[in-house]
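*Asks:* Coordinates for the following, if possible.
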Amino acid sequence: MKRSLEHIEYKEDTEALAKFAKALGHPTRIAILQHLENQSCCFTGDLVDVFPLAQSTISQHLKELKNAGLIKGELKPPKIKYCIDQKNWNIAKSLFQKFFD
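*Replies:* Okay, the predicted model is just below:
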């Protein structure tokens with residue numbers, strides 16, 4: 001009897017690694033993370049000035065990174081300030097290191 005992937009239980013670390021890898025699966029998201037790492041925090045408008053993309057496109061990439069837990073946003077009406085979520089960033093680095101070792 002064949003078992004589908006839906007029935008396979010993955011370790012929590014494996015699921016977290018896959019979530020982080022999926023978020024890093026686009027070059028713009030990697031570039032945004034590199035920019036945030038050098039700037040500590042910034043607003044969406046700042047990223048629009050750095051990257052030749054529409055604000056809606058930048059916002060979508062930020063949403064994906066935030067959903068994965070790699071960044072966090074702080075509401076500063078009428079804007080949102082984004083920065084790397086250091087706790088999850090360190091978890092991601094550790095998981096990738098273990099994966100590649």
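
*Asks:* For the protein, which segments count as helices?
*Replies:* 12-23, 27-39, 44-50, 55-67, 86-100 (DSSP state H).

*Asks:* contacting residues for Leu70?
*Replies:* Leu70 makes contact with 20, 23-24, 33, 84-85, 88-89, 92 under the criterion CB atoms under 8 Å, 6 or more residues apart in numbering. Where you see a C-beta, it was placed from the backbone N, CA and C, and this is true even at glycine.

*Asks:* again, only this time at 10 Å
*Replies:* Neighbour list for Leu70: 19-20, 23-24, 29, 32-33, 36, 64, 84-85, 88-89, 91-92 [criterion: CB atoms under 10 Å, 6 or more residues apart in numbering].

*Asks:* By neighbour count, which of those wins?
*Replies:* Ile32 (25 neighbours; other CB atoms under 10 Å).

*Asks:* What's the local residue count around the closest residue in space to it that isn't next to it in sequence?
*Replies:* Spatial nearest neighbour of Ile32, excluding adjacent residues (CB to CB, 6 or more residues apart in numbering): His61 at 5.9 Å. His61: 21 surrounding residues under other CB under 10 Å.

*Asks:* so who does the closest residue to Asn67 other than its chain neighbours touch?
*Replies:* The shortest distance from Asn67 to any non-neighbouring residue, by CB to CB, 6+ apart, is to Ala23 (7.4 Å). Ala23 makes contact with 29-30, 33, 61, 64-71, 92, according to CB under 10 Å, 6+ apart.
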